[in-house]
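**Q** Quick one, structure for this:
(one chain, ligands or ions: 2)
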Amino acid sequence: PAPVEPPKIKRLEESVVNRIAAGEVIQRPVSCVKELVENSIDAHSTSILVVVKDGGLKLIQVSDDGHGIRHEDLAILCERHTTSKLSNFEDLQSIKSMGFRGEALASMTYVGHVTVTTITKGQLHGYRATYKDGMMEHEPKACAAVKGTQIMVENLFYNMIARRKTLQNAADDYPKIVDLLSRFAIHHINVSFSCRKHGAPRADVHSVATSSRLEAIRSVYGASVARNLMKIEASDNDPSSSIFKMDGFISNSNYVAKKITMVLFINDRLVDCGALKRAIEIVYAATLPKASKPFIYMSITLPPEDVDVNVHPTKREVSLLNQEVIIEKIQSVIELRLRNSNESKTFQEQL
Ligand code: ADP
Ligand code: MG
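**A** Ligands and ions are numbered 1, 2, ... in the order given. A predicted model of the protein is given here:
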């Protein structure tokens, strides 16, 4: 065979490297919404409004009433690895905020057009700045603003032709965005959420801040779901294992659905845990005779050192220290709760 010349190795341009990395953090419109809403929650907002146009490809706009961003920080806001939430590696152990990598906003500026409007407490007016490829495009302009921050991302993936085409051909992300906001709304019940399509008269998610979890679930998932839920709780203070607390709502035997809904927060982070989900499905199938797929809302608290949060931003799947023990404990609590409710139901039917 003819000898093949080795191809020359070249260093990629920084802008190309950044765009590739950004495309990994922001994989689709719903990942952009998740990052923006988590930033709003981290900013202690009590109201978060999301507006979406063309499944998020044309426009994603998230407005909050949080603490805002300082004028002097606007210049570096969208650079890679700029954050107010983490300063050294050790902080990762105890981090309470959802963000910490300082990557999300930067990534958005490499794959879309970002406009930030923000005002901090005590200021007479706000500022607006636009960003591209990690850089602020011009000095922030003074503008009217009420409270908090509004971030607009336009023309997502305008510079990633293949990604845009795939997304345009697939069903749009709007249902995924509604699902995401619904999940946030039943966990962060002290925050009101709204999500609508641009120009639509009414919101598809609309929650009002409340002190009742069940009330929040009713307003987001409907009365027919809320009516058939039971509260569950568990905790474990056995010093030999890890300390964990769990509370939530699970559907009873009257609930009917073709598919499981599992809304899981671990240390206030929205996550997926396939092993736990399967374990719960097994309990339902074994305990309830006419097994319907359950509705589960569950919030688990663990010592921060038992959960590795330093995962890739798009990875929602987590694994925990002592996972088997925790799953068994949750299984037995659910089984007991289902049996008790089933017995009292049979008993009532006999009366
Ligand atoms: P991270 O959340 O990991 O810190 P981001 O790129 O998402 O990184 O955000 C960078 C910084 O911008 C945050 O640390 C925060 O200080 C600020 N920020 C972003 N969004 C908001 C917001 N809605 N309100 C107030 N500050 C915000
Ligand atoms: Mg963030």
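**Q** and residue 244, how far is that from residue 2?
**A** 64 Å (Cβ to Cβ, to the nearest Å). For the C-beta atoms, the positions are set from N, CA and C on the backbone; glycine is no exception.
**Q** Is there a neighbour count for the closest residue to ligand 1 within the stretch 51-200 of the chain? I'd like the number.
**A** Nearest residue of the stretch 51-200 of the chain to ligand 1: residue 99, at 2.1 Å (Cβ to the nearest ligand atom). Neighbour count for residue 99, taken as other Cβ atoms under 10 Å: 19.
**Q** now swap in residue 143 and tell me
**A** Residue 143, neighbours per other Cβ under 10 Å, totals 13.
**Q** again, but for the one 4 residues further on
**A** Other residues near residue 147 number 19, with proximity taken as other Cβ under 10 Å.
**Q** Offset the numbering so it begins at 27, please.
**A** Right, with 27 as the first residue, what we last looked at is residue 173.
**Q** hang on, it packs against residue 145?
**A** Yes: between residue 173 and residue 145 there is a contact at 6.4 Å, judged by Cβ atoms under 8 Å.
**Q** Please enumerate the shared neighbours of those two.
**A** Residues touching both residue 173 and residue 145 by Cβ atoms under 8 Å, 6 or more residues apart in numbering: residue 94.
**Q** coming back round to it: specify the local secondary structure of the residue of the stretch 77-226 of the chain closest to ligand 1.
**A** Look at residue 125: counting by DSSP: H, G, I helix; E, B strand; the rest coil, its state is coil.
**Q** Next, the residue found closest to residue 99 once you drop the neighbours it is linked to in the chain: phi, psi?
**A** Counting by Cβ to Cβ, 6 or more residues apart in numbering, residue 99 lies nearest to residue 110, which is 7.6 Å off, once chain neighbours are set aside. As for residue 110, its main-chain torsions (degrees, to the nearest 10) stand at phi -100, psi 0.
**Q** Give me the distance between residue 110 and residue 179.
**A** Taking Cβ to Cβ, one finds residue 110 at 20 Å from residue 179.
**Q** Neighbour count for these two, which is higher?
**A** residue 179 (27 against 16).
**Q** neighbouring contacts of the helix or strand hosting that one?
**A** When elements are assigned from DSSP states H and E, residue 179 belongs to strand 174-180. Residues outside strand 174-180 that contact it (Cβ under 8 Å, 6+ apart): 58, 62, 65-66, 69, 71, 84-95, 131, 134, 138-145.
**Q** Parallel or antiparallel, which strands does it pair with?
**A** strand 85-90 (antiparallel), strand 139-145 (antiparallel) (DSSP bridges).
**Q** Minimum distance to residue 370: which of these has it?
**A** strand 85-90 (43.8 Å; Cβ to Cβ).
**Q** Let's see the closest one as PDB, backbone CA atoms only.
**A** Output of strand 85-90 as PDB, limited to C-alpha atoms (Å, rounded to 0.1, in the frame of the first residue of the first chain):
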ATOM      1  CA  LEU A  85     -36.500  33.300  21.900                       C
ATOM      2  CA  ILE A  86     -36.200  32.200  25.500                       C
ATOM      3  CA  GLN A  87     -36.800  34.900  28.100                       C
ATOM      4  CA  VAL A  88     -36.600  34.400  31.800                       C
ATOM      5  CA  SER A  89     -37.600  37.300  34.100                       C
ATOM      6  CA  ASP A  90     -37.200  37.200  37.900                       C
END
